[in-house]
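**Q** Predicted model and sequence below, questions to follow.
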Amino acid sequence: MRLYTYFFTLFFFTIFSQAQIQKEIIPPYNIKTVSFVVDNQNVVPIFELGSEFKLQFDDLFGNEANYNYQIIHCNYDWMPSNIPKTDYLQGFDNQRIQNYRNSLNTLQLYSHYELSFPNQFTRLKLSGNYLLQILNENQEIVFSRKFILYENLATVPLLIKRSRDLNTIDYTQNLEFAIDSKTIIFQQPLQNVKVLLLQNGNFNTAIKNIPPQYTIGNELVYKYNKETQFWAGNEFLYFENKDVRVANNNVGKINADNEIYNAYLFTNQARGNSIYTNYPDVNGNFVVKKFNSDDDRIEADYVWVYFSLSAPSFQLNKDVYVTGMFNNFSFSDENKMDYNEKKGVFEKPILIKQGFTNYQYQILDKKGVLDNQNAIDGNFYQTENEYTVLVYYQANNDRYQRVIGKGNASSLNITN
């Protein structure tokens with residue numbers, strides 16, 4: 001009886017743990033520069049079904065550790081979908097990552113890992129949400145990342161417009177779009193069609209669960225104002241340190257007091273009360289690059305980058321973070337700034353691989369809620385942002401939610 005109880009408890013715990021909402025696990029200190037890559041370019045992890053892409057990361061321990069990967073197919077709400085793994089995966093997962101190399105001529109040693117899809121063991125067969133888990137040799141999850149596969153079965157024309165609300169017209173950007181398909185007749189669209197709206201590929205600020213406002217035949221129309229509205233923010237800040245020995249763009253000072261180089265950025269001023277200034281950015285992305293390098297992936301070094309922000313009005317009741325695609329917009333302690341009362345500035349050193357890096361300052365209130373309305377650098381409707389609309393659909397007889405279309409637009413072409 002005791003043995004039966006043990007196995008029943010184990011079975012129940014396994015089922016319960018798999019039924020939970022899947023969240024990304026933040027990498028430990030030694031795992032850096034995690035990114036999805038297409039043609040050697042870091043990208044937002046949204047790929048067409050059947051296309052090729054990679055996950056890559058560095059391990060600062062540099063000991064050629066063994067890492068495996070595991071893949072979970074999820075529904076729109078990131079609950080594991082109720083389908084067998086053999087339905088969405090051809091071959092096997094839980095395989096060892098075999099493509100890795102050690103750093104070359106760097107002060108910070110590291111091992112660089114790359115995992116390609118499809119590969120000799122694994123091919124993904126269905127569209128939808130996926131969680132990619134990286135496991136150590138003890139089958140413990142080291143970190144995980146979300147990615148999405150879509151099919152081109154629906155068109156999603158997308159326009160970026162200014163708000164029709166005079167209270168927010170200067171601070172927000174609104175998405176108007178439609179969904180149409182020549183191959184799918186939408187059944188019960190209010191229940192079966194769901195959309196995901198993303199600004200600069202940031203899942204933390206995604207807008208979800210917006211039903212179509214009305215339909216015209218098989219076309220679903222979304223012409224909301226408030227419901228599909230994003231705070232516009234400001235252009236991303238950046239620094240460049242392709243040559244760690246020279247103070248380049250926005251780097252005020254370089255030294256090598258520690259075992260690796262230190263880069264001290266010029267102190268940023270809060271821009272919320274300043275006028276909007278247009279200058280190019282890459283919408284939060286980053287590029288790993290070393291001057292005169294043959295292979296940036298293993299020859300680029302790591303540098304302690306010292307961020308400094310003068311924003312005295314945010315000293316109380318706000319937590320300030322440095323975020324961007326370089327750290328997956330993560331609100332972790334590693335990216336949280338400390339207030340230096342003597343200098344009157346927020347400060348934070350972060351270990352970052354050299355190259356070109358976009359970043360921004362974001363704030364959470366004491367309840368841990370992201371406060372974009374009162375952003376440190378303000379909100380300006382002129383800000384250039386990249387928007388993505390993903391369309392999910394599950395017919396009445398389907399067993400999972402497909403991603404049937406994707407729309408993209410830039411607010412560079414914003415209209416009234």
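**A** Arrived safely.

**Q** measure L135 to N68 for me?
**A** In this view, L135 and N68 are 4 Å apart by CB to CB, to the nearest Å. For the C-beta atoms, the positions are set from N, CA and C on the backbone; glycine is no exception.

**Q** Let me fix that, I meant to ask about Q373.
**A** 42 Å.

**Q** who's more crowded, those two?
**A** Each of Q373 and N68 has its neighbours counted (other CB atoms under 10 Å); N68 has more, 17 against 10.

**Q** V345: neighbour count?
**A** V345, neighbours per other CB under 10 Å, totals 20.

**Q** Looking at N82 now. What's its pLDDT?
**A** On pLDDT, N82 comes in at 89.

**Q** Test for you: state the pLDDT assigned to the closest residue to it other than its chain neighbours.
**A** Of all residues not flanking N82 in the chain, R399 sits nearest, at 6.8 Å (CB to CB, 6 or more residues apart in numbering). Here the pLDDT value assigned to R399 is 93.

**Q** Next, R399: secondary structure please.
**A** Three-state assignment for R399 (DSSP: H, G, I helix; E, B strand; the rest coil): coil.

**Q** what's the burial count for it?
**A** Neighbour tally, R399, other CB under 10 Å: 11.

**Q** show me the contacts for the closest residue to E24 other than its chain neighbours.
**A** What sits nearest to E24 in space, not counting adjacent residues and going by CB to CB, 6+ apart, is S144, at 5.3 Å. By CB atoms under 8 Å, 6 or more residues apart in numbering, the residues touching S144 are 22-25, 131-134.

**Q** which of the residues you listed lies closest to D333?
**A** I25 (14.6 Å; CB to CB).

**Q** Wait, D165 touches Y224, no?
**A** No - D165 is not in contact with Y224 according to CB atoms under 8 Å; the separation is 11.5 Å.

**Q** In terms of neighbours, single out the busier of those two.
**A** Of the pair D165 and Y224, Y224 is the one with more neighbours under other CB under 10 Å, namely 17 against 13.

**Q** Pull the contacting residues for the more buried one.
**A** 174, 176, 210, 213.

**Q** Other residues contacting stretch 189-199?
**A** Under CB under 8 Å, 6+ apart, the answer for stretch 189-199 is 44, 76, 175, 179, 186, 205-212, 215, 220, 222, 228, 230, 233, 385-396, 401.

**Q** which parts of that stretch are buried?
**A** 193-199 (16 or more other CB atoms under 10 Å).

**Q** Could you do stretch 261-281 as well?
**A** 261-265, 268, 270-272, 281.

**Q** Put the alpha carbons of that stretch into PDB.
**A** Written as PDB, here are the backbone C-alpha positions of stretch 261-281 (Å, rounded to 0.1, in the frame of the first residue of the first chain):
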ATOM      1  CA  TYR A 261      38.600  45.100 -19.200                       C
ATOM      2  CA  ASN A 262      36.200  47.700 -17.600                       C
ATOM      3  CA  ALA A 263      34.200  50.100 -19.800                       C
ATOM      4  CA  TYR A 264      32.700  53.100 -18.000                       C
ATOM      5  CA  LEU A 265      29.800  54.600 -20.000                       C
ATOM      6  CA  PHE A 266      29.000  58.300 -19.800                       C
ATOM      7  CA  THR A 267      26.300  59.000 -17.300                       C
ATOM      8  CA  ASN A 268      22.900  59.000 -19.000                       C
ATOM      9  CA  GLN A 269      20.400  61.700 -18.100                       C
ATOM     10  CA  ALA A 270      16.700  60.900 -17.800                       C
ATOM     11  CA  ARG A 271      15.100  62.000 -21.000                       C
ATOM     12  CA  GLY A 272      11.400  62.100 -20.000                       C
ATOM     13  CA  ASN A 273      11.300  65.900 -19.700                       C
ATOM     14  CA  SER A 274      13.400  66.500 -22.800                       C
ATOM     15  CA  ILE A 275      12.300  67.000 -26.400                       C
ATOM     16  CA  TYR A 276      12.300  63.900 -28.600                       C
ATOM     17  CA  THR A 277      15.500  63.400 -30.500                       C
ATOM     18  CA  ASN A 278      15.600  61.000 -33.500                       C
ATOM     19  CA  TYR A 279      18.600  58.900 -33.900                       C
ATOM     20  CA  PRO A 280      18.900  55.400 -35.300                       C
ATOM     21  CA  ASP A 281      18.800  52.300 -33.100                       C
END
